[in-house]
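Novice: What would the 3D arrangement of this be:
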Amino acid sequence: MHGRRDEGKETMQRGERVVMELSPQAVEQVARRVAQLLHRQQENQQHAESGEPVGMVTVAEFAAYYKLSPAWVYEHSDELEATRIGSGPKARIRLDFQTAKAALARLNASSEPAASTAPTRKHRRPRPSPYEADAPLLESRPREILGVGRRAASRAGAMRSS
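Specialist: Okay, the predicted model is just below:
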């Protein structure tokens with residue numbers, strides 16, 4: 001019985017045409033899907049030309065692109081509409097770049113400049129050194145004077161003899 005799977009069925013020959021009737025709703029669904037795919041392809045091409053990431057990105061990639069700390073991205077993953085991959089407490093997170101970008105814009109627009117959750121990093125001004133530039137350095141002593149060299153040498157000798 002394994003010989004012929006299509007027993008009793010007509011098989012199409014190369015070059016034959018099949019005529020199908022589709023309902024207006026089915027034609028509309030096909031047209032919408034084709035339009036979605038074309039739109040997505042056009043967006044992806046535009047983003048690729050602009051240098052922006054396309055599709056799903058890691059927390060590190062998103063944080064690096066916007067100069068955010070990964071910790072901030074994790075803390076705001078719900079607002080950024082992140083997707084958890086896995087179910088454990090340490091499940092990985094991925095972000096759809098365009099969705100997260102729009103969410104970040106909404107967060108920036110709604111947050112106050114002095115808010116503690118502002119996503120931009122603040123650069124600190126370096127503190128002046130409490131030490132004088134021309135202060136003398138401490139002298140160092142050879143290891144033998146401190147006794148460090150003798151202990152290490154005696155241990156090494158003991159290891160060699162055993």
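Novice: only C-alpha atoms for contact and neighbour calcs from this point on.
Specialist: Will do.
Novice: Okay, domains of this structure per the record?
Specialist: 22-51, 52-110 (automatic domain parsing).
Novice: Can you say which of these is packed in most?
Specialist: Comparing those by mean neighbour count (mean count of other Cα atoms under 10 Å), domain 52-110 comes out on top with a mean of 15.
Novice: Now do the contacts for the residue nearest to Ala91 when sequence neighbours are not counted.
Specialist: Leaving aside its sequence neighbours, Ala91 sits nearest to Ile85 (Cα to Cα, 6 or more residues apart in numbering; 5.7 Å). Residues counted as contacts of Ile85 (Cα atoms under 8 Å, 6 or more residues apart in numbering) are Ala91, Arg92, Ile93, Arg94.
Novice: I'd like the average pLDDT over the helix ranked longest in the chain.
Specialist: In the chain, with assignment by DSSP state H, the single longest helix is helix 24-50. In this model, helix 24-50 carries a mean pLDDT of 85.
Novice: Could you list every helix and strand that it packs against?
Specialist: On a contact count with 3 or more Cα pairs under 8 Å, 6 or more residues apart in numbering; DSSP states H and E, helix 24-50 meets no helix or strand.
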